[in-house]
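Visitor: Sequence first, predicted coordinates after that:
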Amino acid sequence: MHAPRREGRRVRIPGDSNVSQSASAETPHIVVEDLHFRRGRKPIFDGLSLEVPRGRVTTVMGPSGSGKTTLLRLIGGQLRPDAGRILVDGEEIGRLSTRRLYAVRKRMGLLFQTGALLTDLSVFENVAFPLREHTELPEDILRTLVLMKLEAVGLRAARDMDPAELSGGMARRVALARALALDPELIMYDEPFTGLDPITMGQIVTLIRRTNHSLGLTSVLVSHDVNEAMSISDHVVLIAEGRAVDAGPPDALQARASDWSAQFLEGRPDGPVPFHYPGASYQDDLLDAGGRNHD
Amino acid sequence: MIDAIASVGRFSLDALAVLGRASMFLLRIFAALDAVVRRFGLTVWQVYSVGVRSVLIVVVAGLFVGMVLAYQGYITLVDFGAAEALGGVVALSLVRELGPVVTALLFAGRAGSALTAELGLMKTTEQLSAMEMMAVNPYRRVFAPRFVAGFLSMPLLAAMFSAVGVMGGYIVGVGLLGVDSGAYFSQMQAVTDWNEDVMSGVIKSIVFGFVVSWIAVFQGMDATPTSEGISRATTQTVVVSSLAVLGLDFILTGLMFGGN
């Protein structure tokens, strides 16, 4: 099912010499232990624990506002946990020095929902950006590498376009090529299917699966598009109210789904997550003719 | 009454918090200055973006300010039979005050607002976050080159403003009002002291360049990542920079000329 780990194919980057030498296919790539995180007074995670298996596609799903994007930023070290640990390749992200954190980030890619392309650079230069920043490759080799990455996402012919000329789907494909430029071991996708037409969505789904399969990456998606996410995932984690409520392979998850999981996976409008926002009963509100509750 | 005191306290705390964040931001830029030296091309491009693209507005403004100065100076001086001193009046006004101050105000409006809007938009569209995730430090790649470019450009623009202003004064004073050409420049040379006048203007323009660039880059980095947030940050850059320039001009003038 999984491609063998790549050997000797990564671009050599200064500062990543001790990359996961002890990592084996059995050890999880990411471990989140008892994670607590709040924004202001609002708790986002309240004891979240999960594991991301190495070399597989893992999807973290949950309702809007459940902290999926925040989780990616915590894994990437852009946010620090209030409590708990996040281990990537055995390194505790929250405790790394800036220099070490940047070295770890060279081994991971994050595909932002909007693509986050640098608007003053062309498509080619966007993909070349991490290579120019972290390597001193000759221009002809750099050009070849960039064209290979763009060919992989089907946009080699669009290399001279500006980001403003790209559709949403094309921007995400360019961003994927850029995220793959340094041959990372881990790639994270933030809501990769949101706002795409069916053709573009099919292209992105294929790219995620093919990229994971052919390069042997660990892929982490956060999404609430159940059908697409389930179709390409090896492992699914459902989160709600700051915790992981269920986890496992898609088939097993659907077979043993709890009430909450079944409501989410089947898109039922009412259930453990009620249709009506909790409050006074409808009858009480209607009989409350004087509007006393609004004083 | 209590509410008024509370709001004053809240405002003070917010202002201190902004000052603290701005100071930390400046320290991080200082820590990234080695990248500016190592990759000077990035800074040169920003000098073009914030400096060269501001030349037109600075030159045109300098020309008109010099011409107006010559008119106003002539009207006053001619009553005392001292019209020949026009060159000195124009030059001193420009190099001591108007050159650095008006250039800084124009710089804040043209380049400062553009810097803030650009950085605010980069933040809103997650370009800065994307750089961080690509292990590229935005302080080294984005903020420091822009700050240094603004800091370097301001004194050069102020010098251009003063030089063009002197020529504007010449056009009106000599060309239209009939002041003697030799007297215009000889008076200028006689009354303008290099250390006391020219260098005081240069020091002012360096200080203004530092402050305006700091405010502009910080406001962009600190902007709320929404369209309204960018709009507010851009306005803040122009307002805070302008007030800072005028306030600092008063302090610097007092320090430089207060004892005379």
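Guide: Arrived safely, thanks for sending.

Visitor: where does the stretch 1-150 of chain B have low pLDDT?
Guide: Along the stretch 1-150 of chain B, no part satisfies pLDDT under 70.

Visitor: those helices in the stretch 101-250 of chain A, which residues are they?
Guide: A:123-134, A:139-152, A:168-179, A:198-215, A:226-232, A:250-255 (DSSP state H, counting those that start in this stretch).

Visitor: Deepest in the core, which of the ones you listed is it.
Guide: Counting by mean count of other C-beta atoms under 10 Å in any protein chain shown, helix A:168-179 has the highest mean neighbour count of those, with a mean of 24. No exception for glycine: its C-beta is placed from N, CA and C like everyone else's.

Visitor: hmm, who's touching it?
Guide: A:109-112, A:114-117, A:123, A:126-127, A:129-130, A:146, A:149-150, A:152-155, A:158, A:163, A:166, A:187, A:192, A:195-197, A:200-201, A:203-204, A:207, A:211, B:130, B:134 (C-beta atoms under 8 Å, 6 or more residues apart in numbering or on different chains).

Visitor: what mean pLDDT does that helix have?
Guide: Average pLDDT, helix A:168-179: 90.

Visitor: Can you tell me, leaving aside adjacent residues, what's nearest to residue 222?
Guide: This is for chain A. Once flanking residues are discounted, A:Val222 sits nearest to A:Lys68: 3.6 Å by C-beta to C-beta, 6 or more residues apart in numbering or on different chains.

Visitor: Chain B was what I was after
Guide: Counting by C-beta to C-beta, 6+ apart, the residue nearest B:Asp222 is B:Arg21, at 6.3 Å.

Visitor: Would you check that that neighbour makes contact with B:Gln219?
Guide: No - using C-beta atoms under 8 Å, B:Arg21 makes no contact with B:Gln219, being 10.8 Å away.

Visitor: Compare the two and say which is more crowded by neighbours.
Guide: Taking neighbours as other C-beta atoms under 10 Å in any protein chain shown, B:Arg21 and B:Gln219 compare with B:Gln219 leading, 28 against 13.

Visitor: Which strand or helix spans that one?
Guide: Element membership for B:Gln219 (DSSP states H and E) is helix B:199-222.

Visitor: A:Leu286 too?
Guide: Here A:Leu286 is assigned to helix A:282-287, by DSSP H and E.

Visitor: Would you mind measuring from A:Pro278 to chain B?
Guide: 29 Å (C-beta to the nearest C-beta, to the nearest Å).

Visitor: since we're on that residue, how many residues are nearby?
Guide: Neighbour tally, A:Pro278, other C-beta under 10 Å: 5.

Visitor: Over to the one 5 residues further on?
Guide: Burial of A:Gln283, expressed as a neighbour count using other C-beta under 10 Å, amounts to 8.

Visitor: List the buried residues in the host helix or strand of B:Leu56.
Guide: Here B:Leu56, judged by DSSP H and E, is contained in helix B:55-79. Across helix B:55-79, burial judged by 16 or more other C-beta atoms under 10 Å in any protein chain shown covers B:57-59, B:61-63, B:65-67, B:69-70, B:73-74, B:77.

Visitor: Quick check: of those residues, which lies closest to chain A?
Guide: Closest approach between the buried residues of helix B:55-79 and chain A, by C-beta to the nearest C-beta: B:Ile57, at 22.2 Å.

Visitor: what about the closest one, distance to B:Pro138?
Guide: If you measure B:Ile57 against B:Pro138 using C-beta to C-beta, to the nearest Å, the figure is 29 Å.

Visitor: again, but for A:Ser258
Guide: 43 Å.

Visitor: Neighbour count: these two, which is higher?
Guide: B:Pro138 (20 against 13).

Visitor: which element follows whatever helix or strand B:Val148 lives in toward the C-terminus?
Guide: Per DSSP H and E, B:Val148 falls inside helix B:144-170. As assigned by DSSP H and E, the chain's next helix or strand after helix B:144-170 is helix B:181-191.

Visitor: residues of that next one that come out buried?
Guide: B:183-185, B:187-188.

Visitor: How about stretch B:33-47?
Guide: Residues B:35-36, B:42-43, B:46-47 are the ones in stretch B:33-47 that count as buried (16+ other C-beta under 10 Å).
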